[in-house]
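K.L.:
Generate coordinates for the sequence data below:
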Amino acid sequence: MKRLLLLICMILVSGNLCAHNWGTLLGIPVFAGPAPSWVPVQISVWPIHLFPWTNVYGVVLSPGLLGGSHNVYGISCGVITFCHEQNGLAVNVYSIGQENNGLSIGVFNTWGSNHGVVVGLANVLMNSPGRNALQIGVFNQAKSGLQLGLLNYNPNAKISWMPFFNWSAE
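P.N.:
Numbering: from 1, shown residues only. Below is the predicted model of the structure:
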């Protein structure tokens, strides 16, 4: 059963798109035809992605080193997963993206803006003022919003560095 599952995964991955045309450089057949506007499942084992940079309404799995999609509406699980916009649940070792609109759980989280909840060991938001809802972690960095953690940095707060709690509306 394990061999059959492995064979199916290898066929799916090797016969489809490799991101950034790395597939052609590595001699791997590349997905022919136009990229779909959305898919229900995205599987990435770096540098190979089942589909090109597209929207996912369902599940993103990145069991390899790196993977991602354009916009995710659903669940994202993996080692290092990147996306433009996350809407739903992200459970990764490291989540990277422009906008989080759900729950992001990981060891490390780096988002451009956060309209949801980010939980992790270290959470860094590279946001413009007024773009953070809640961060929970050992270390939190943002320019606005509520932070709960051992050490919190917010340059727009009355006191920039605070243990346990920090907040600013800007």
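K.L.:
Which secondary structure elements does the longest strand seen in the chain sit against?
P.N.:
Using DSSP state E, we find that the single longest strand of the chain is strand 55-100. In this structure, strand 55-100 makes packing contacts with strand 38-45, strand 103-125, judged by 3 or more C-beta pairs under 8 Å, 6 or more residues apart in numbering; DSSP states H and E. All C-beta atoms are positioned from the backbone trio N, CA, C, and that covers glycine.
K.L.:
Using PDB, write down the CA coordinates of the shortest one.
P.N.:
The C-alpha trace of strand 38-45 is given here as PDB (Å, rounded to 0.1, in the frame of the first residue of the first chain):
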ATOM      1  CA  TRP A  38      -8.100  27.600  -8.800                       C
ATOM      2  CA  VAL A  39      -7.500  24.100  -7.500                       C
ATOM      3  CA  PRO A  40      -8.900  22.100  -4.600                       C
ATOM      4  CA  VAL A  41      -5.500  20.600  -3.600                       C
ATOM      5  CA  GLN A  42      -1.900  21.900  -4.000                       C
ATOM      6  CA  ILE A  43       0.900  19.600  -3.200                       C
ATOM      7  CA  SER A  44       4.500  20.900  -3.100                       C
ATOM      8  CA  VAL A  45       7.700  19.100  -2.600                       C
END
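K.L.:
Give me the buried stretch members for that strand, please.
P.N.:
38, 39, 42, 43, 44, 45 (16 or more other C-beta atoms under 10 Å).
K.L.:
thinking again about what came up before, what's the angle from the longest strand of the chain to strand 38-45?
P.N.:
70 degrees (axes from the mean of the first three to the mean of the last three C-alpha atoms, to 10 degrees).
K.L.:
tell me the mean pLDDT over strand 55-100?
P.N.:
Taken as a whole, strand 55-100 has a mean pLDDT of 92.
K.L.:
begin at 646 from here
P.N.:
In the new numbering, first residue 646, that becomes strand 700-745.
K.L.:
For residue 731, state which of the buried residues of strand 683-690 is nearest.
P.N.:
Checking these against residue 731 with C-beta to C-beta, the nearest one is residue 687 at 12.7 Å.
K.L.:
Any stretches of this structure with poor pLDDT?
P.N.:
Low-confidence segments of the chain (pLDDT under 70): 646-680, 773-775.
K.L.:
that older thread, now do the longest strand of the chain: distance to the chain's middle.
P.N.:
Distance of strand 700-745 from its chain centroid, counting by C-alpha atoms, centre = their mean, to the nearest Å, is 4 Å.
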